[in-house]
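> Provide a 3D model corresponding to the input given below.
(one chain, ligands or ions: 2)
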Amino acid sequence: MPPEWAAALVVEVCAAAGRPGPAVRWRRARRANSSGVTRPDLGQITVTAGTDPIDQRLTLLHELAHWLAPRAPRRRRRTSHHNATFYQVAFALYHAHGISAAEAILREGGRYPSSLGHARRLGVAGADEAWHARRAALRERARQRRPMRILVPEHVVRLVRDGRWTRCSVCGVRVVGPTLARMRRRAGRHVLLATG
Ligand SMILES: [Zn+2]
Ligand SMILES: [Zn+2]
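Ligands and ions are numbered 1, 2, ... in the order given. Next up, the predicted model:
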């Protein structure tokens, strides 16, 4: 059984949309965040409620948006499940039922990053900033993931003494420890790489 506020919210949202309400199954979990599933074929929403009350409310509203949003044609399973039409309904419900724009963007964007683009197009306050911040973070991550650059192509290591060190005379890299011992026994090959 859902708590009273949740049952009341379902009635209120569905009455305002002029639609019959779903049956709501409510389970409890120890974690902070909630999750939900909407099964239109069964006329049912299931919420697994975490301990965070804002997240409970947002999750129920998210599932109600699935309940109310015109369903996208199913090409592959879950295709365009969280599309522009869905988010138009979802962000309107968040706004009308006590989820601040900042919370909606933070939480929805944390779970479904693609929601930020929709929120931005819908003019949700703060969405543009969040969208740009995410783009910058993605760019930064891509930059860090850039493949290694070859500074000196693969070559046979030629050991030379350099004071108390031993270096490869081809690329200048210091050779130490087990690698040095191995290369003294038998000439090896290596490549000099750099990031960025
Ligand atoms: Zn969803
Ligand atoms: Zn070398």
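
> ok, what's across the strand from the nearest residue to Val157 once chain neighbours are set aside?
The shortest distance from Val157 to any non-neighbouring residue, by CB to CB, 6 or more residues apart in numbering, is to Cys168 (4.7 Å). Glycine gets a C-beta too; all of them are placed from N, C-alpha and C. As for beta bridges, Cys168 partners with Leu159 under DSSP bridges.

> Count the residues that sit near Cys168.
20 (other CB atoms under 10 Å).

> What of the one 4 residues further on?
Under the neighbour criterion other CB under 10 Å, Gly172 is assigned a count of 12.

> What distance do you get for it to Pro53?
62 Å (CB to CB, to the nearest Å).

> Same check on Trp67?
21 Å.

> before we move on, what about Arg39?
Going from Arg39 to Pro53 by CB to CB gives 25 Å.

> And these two? Which one has more around it.
The neighbour count for Arg39 versus Pro53, taken as other CB under 10 Å, is higher for Arg39 (15 against 12).

> For that one, give me the pLDDT.
For Arg39, the pLDDT comes out at 93.

> for Gln56, phi and psi?
phi -60, psi -50 (degrees, to the nearest 10).

> What confidence value was assigned to it?
98.

> All further residue positions should be reported with the first residue as 853.
Yep, numbering from 853; the last one is Gln908 now.

> what phi and what psi does the backbone show at the nearest residue to Gly961 once chain neighbours are set aside?
Leaving aside its sequence neighbours, Gly961 sits nearest to Leu968 (CB to CB, 6+ apart; 4.7 Å). Main-chain torsions, Leu968, degrees, to the nearest 10: phi -60, psi -40.

> residues touching Leu968, list them.
Listed by CB atoms under 8 Å, 6 or more residues apart in numbering, the contact partners of Leu968 are 957, 961, 979, 982-983, 986.

> still on that earlier bit, kindly provide the distance from the residue nearest to Val1009 to Arg1034.
Applying CB to CB to Cys1020 and Arg1034 gives a distance of 13 Å.
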